[in-house]
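Student: sequence unknown, structure follows:
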């Protein structure tokens, strides 16, 4: 099976909750994939022959890579990933779910360091977003420390003064004596499209986007 077979429209979906919500939405506009509902399947690529659509699930940070390269025509992932990865893709639609915020968090005492624009250490999984916020929005010099795991540990063990991370409910922060100090930006699930696909399959892709828009409204 050739993934680049132009007859097919290829969707890259973000593993987990986001994929389920996206599939629910696609079903409402008539794009279905029964194969994906099989919980025990070991398949990696799913096909709806009738609609000439292919689907695959990937880790969030990889979605823009698949879309930029043309391995997928359409991708759905969080806007945090789109900003962080900064790939050459078209961001065409805000799906309005998966809502949360990117925030600067830390202990109460760090509030002072932020307001005085002191040089601080920032732990984050999102170095590009953190850098852009501190350097370009706040004009504050910071040292950014890239972490892959629980960034909340940073201020607790003294690795960093604050963290930049996604906040949904804030309960993890509270449990660890941290709080939201500043909001960087709101986040949600977005649809991205490969730049060449947008030209080559324009009618088909635009029709899907229009249907999705109507369904969201």
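Tutor: Sure thing, it's come through. Note that the coordinates shown come from a computational prediction; the quantities given were computed from them, not determined experimentally.
Student: now the helices for this protein?
Tutor: Shown for the chain, the helices assigned by DSSP state H span residues 17-28, 63-69, 79-85, 110-115, 127-131, 153-157, 171-175, 195-200, 202-216.
Student: now the ones you listed as JSON lines including mean pLDDT and mean neighbour count?
Tutor: Every residue, glycine included, has its C-beta placed from N, CA and C. Converted to JSON lines, the helices of the chain look like this (pLDDT from 0 to 100; neighbours: other Cβ atoms under 10 Å):
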{"stretch": "helix 17-28", "mean pLDDT": "94", "mean neighbour count": "16"}
{"stretch": "helix 63-69", "mean pLDDT": "98", "mean neighbour count": "22"}
{"stretch": "helix 79-85", "mean pLDDT": "97", "mean neighbour count": "21"}
{"stretch": "helix 110-115", "mean pLDDT": "94", "mean neighbour count": "15"}
{"stretch": "helix 127-131", "mean pLDDT": "98", "mean neighbour count": "18"}
{"stretch": "helix 153-157", "mean pLDDT": "97", "mean neighbour count": "17"}
{"stretch": "helix 171-175", "mean pLDDT": "94", "mean neighbour count": "12"}
{"stretch": "helix 195-200", "mean pLDDT": "96", "mean neighbour count": "14"}
{"stretch": "helix 202-216", "mean pLDDT": "96", "mean neighbour count": "14"}
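Student: and those helices as JSON lines, adding distance to residue 35?
Tutor: Shown next, in JSON lines, are the helices of the chain (distance: least, Cβ to Cβ, whole Å):
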{"stretch": "helix 17-28", "distance to residue 35": "11"}
{"stretch": "helix 63-69", "distance to residue 35": "19"}
{"stretch": "helix 79-85", "distance to residue 35": "25"}
{"stretch": "helix 110-115", "distance to residue 35": "49"}
{"stretch": "helix 127-131", "distance to residue 35": "35"}
{"stretch": "helix 153-157", "distance to residue 35": "40"}
{"stretch": "helix 171-175", "distance to residue 35": "35"}
{"stretch": "helix 195-200", "distance to residue 35": "22"}
{"stretch": "helix 202-216", "distance to residue 35": "19"}
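Student: what residues go with each domain of the protein?
Tutor: Using automatic domain parsing, the domain ranges for the chain come out as 9-98+188-216, 100-185.
Student: okay, now the last one: how far is its last residue from its first?
Tutor: Across domain 100-185, the straight-line distance between its terminal residues is 9 Å, by Cα to Cα, to the nearest Å.
Student: strand partners (parallel or antiparallel) of the longest strand seen in the chain?
Tutor: Ranked by number of residues, the top strand in the chain under DSSP state E is strand 179-187. Strand 179-187 has the following sheet partners, assigned by DSSP bridges: strand 100-106 (antiparallel).
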